[in-house]
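Enquirer: sharing a model prediction with you, sequence too.
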Amino acid sequence: MTLDFDIRKSFVINILNHSKKLDFGSFTKLFFLSVIIIFLGTSFSEAAKKKDEKDCKYCEKYETLADWPESERPEAFIYEEFDYPEGMFTPKQDDSKKRQGAAGKLNYLSKHIKLFADGAMYSQNMVMRDGYLDNHQGSWLMSLDTFENLFKIFWDDGYQIHIHQNGDAGLDRLLATLKKNLDDNPRADHRTTVVHFGYSAKDQLEKMKELGVVVSANPYYVTALSDLYSRKGVGYERSQEMVRLGDAIKEGIKVALHSDMPMAPASPLMLMHAAVNRDNFAGKVAGPNQRISKIEALRAVTINAAYVLRLEKMYGSIEIGKYANFTVLNRNPLIINSNEIKNIKILGTVLKGDSLPVN
């Protein structure tokens with residue numbers, strides 16, 4: 001699911017308006033500009049696609065591409081068949097001559113959907129229970145009716161729902177909607193995922209555990225924003241507790257980490273470093289009680305990350321029966337000084353048993 005152009009435009013305007021209140025350097029402003037260009041460019045591309053829907057080769061007869069019989073597809077839509085995990089869509093082919101040129105261009109995990117609660121962290125568009133120090137307001141990315149209706153549609157159809165959330169009021173909306181759907185249509189092992197987990201309140205954690213949610217968090221928010229937001233917009237107390245992974249793990253909630261690139265470096269080791277140390281750009285430790293252990297951080301970028309995507313039976317740990325995919329490091333992140341995790345060097349990878357050294 002994608003946001004339409006008007007929603008994206010509104011989102012960008014909010015970024016520009018609220019970023020004026022924050023003390024960002026020139027590099028960060030350039031970064032925002034790049035993201036905005038990509039963000040709007042994608043919207044124009046999507047608009048162009050909608051304009052050409054009348055020319056779609058399968059839209060009139062079939063609801064989705066997956067319903068389109070392979071015998072009716074032109075060769076451009078034929079994709080190479082790899083050993084994708086069960087549940088990941090890839091057209092099956094018997095004619096090996098057609099498995100050329102477009103390998104890997106079309107594959108995705110079925111029965112997963114992402115919905116949006118409140119706005120972004122970097123633009124201070126999170127919807128907060130107690131508002132902001134300067135009295136500006138956060139933004140909802142979906143109206144309550146839209147959010148609840150879409151949640152119910154995908155919930156009743158058995159989807160795993162991933163929800164973009166950054167403010168504690170956004171988390172309230174997420175949890176209330178989940179509870180209503182669980183009461184109306186109970187589901188086991190639904191793995192509803194809180195994505196980003198920017199700000200939360202301690203009283204929400206017990207409810208999260210009770211409702212069976214999992215967390216995919218961006219710990220780099222602490223690195224980049226905890227000092228700035230302690231001084232501007234949000235305040236010290238709440239910003240020290242942003243991305244409260246320590247409390248989540250103590251509550252028994254399964255936690256994974258992601259970068260949300262380009263919102264953070266696309267480096268699992270950097271994510272581990274951020275979650276273990278919680279040191280920020282000011283050289284301070286933000287919320288030391290929210291730090292997690294090295295082994296918890298390692299699980300969060302491996303087996304727990306696989307769990308969030310329901311791939312833990314094939315990926316995420318080195319075990320008999322799983323794909324032999326792993327990274328070779330020059331130092332052990334579990335025994336070195338915590339402050340050195342981000343400096344570990346990658347020597348190579350192993351992909352399905354094949355060694356691929358860096359040099």
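Expert: Received the coordinates, thanks. All of these numbers come straight from a predicted model, not from anything done at the bench.

Enquirer: helices of the stretch 101-250 of the chain, start to end?
Expert: 144-156, 168-184, 203-211, 220-231, 236-240, 245-250 (DSSP state H, counting those that start in this stretch).

Enquirer: buried ones in the second one, by neighbour count?
Expert: In terms of neighbour count (16 or more other C-beta atoms under 10 Å), helix 168-184 has its buried residues at D168, A169, G170, L171, D172, R173, L174, L175, T177, L178, N181, L182. Where C-beta positions appear, they are placed from N, C-alpha and C, glycine not excepted.

Enquirer: closest to F116 among the residues you listed?
Expert: Checking these against F116 with C-beta to C-beta, the nearest one is G170 at 9.2 Å.

Enquirer: tell me the contacts of the closest one?
Expert: A117, D118, M126, V127, G138, W140 (C-beta atoms under 8 Å, 6 or more residues apart in numbering).

Enquirer: okay, these in CSV with pLDDT, distance to D189 and neighbour count next?
Expert: Shown next, in CSV, are the contacts of G170 (pLDDT from 0 to 100; distance: C-beta to C-beta, whole Å; neighbours: other C-beta atoms under 10 Å):
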residue, pLDDT, distance to D189, neighbour count
A117, 98, 22, 26
D118, 97, 27, 29
M126, 97, 29, 27
V127, 98, 29, 23
G138, 96, 32, 21
W140, 98, 29, 19
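
Enquirer: list the residues that contact the spatially most central residue of the chain.
Expert: In the chain, the residue lying closest to the centroid (C-alpha atoms, centre = their mean) is V195, at 5.1 Å. Listed by C-beta under 8 Å, 6+ apart, the contact set of V195 reads K114, H162, I163, H164, Q165, S216, H258.

Enquirer: for it, list each beta-bridge partner.
Expert: H164, S216 (DSSP bridges).

Enquirer: give me the pLDDT for it.
Expert: As predicted, V195 sits at a pLDDT of 98.

Enquirer: would you map out the domains in the protein?
Expert: Per the record, the chain has its domains at 56-98, 111-316, by automatic domain parsing.

Enquirer: out of these, nearest to N337?
Expert: So among the domains of the chain, domain 111-316 is nearest, using C-beta to C-beta, at 10.1 Å.

Enquirer: could you check how far that closest one is from the centre of its chain?
Expert: In terms of C-alpha atoms, centre = their mean, to the nearest Å, the centre of domain 111-316 is found 9 Å from the chain centre.

Enquirer: V215: neighbour count?
Expert: 26 (other C-beta atoms under 10 Å).

Enquirer: need the contact list for it.
Expert: Counted by C-beta under 8 Å, 6+ apart, V215 has contacts T193, V194, F197, M208, L245, A248, I253, K254, V255, A256.
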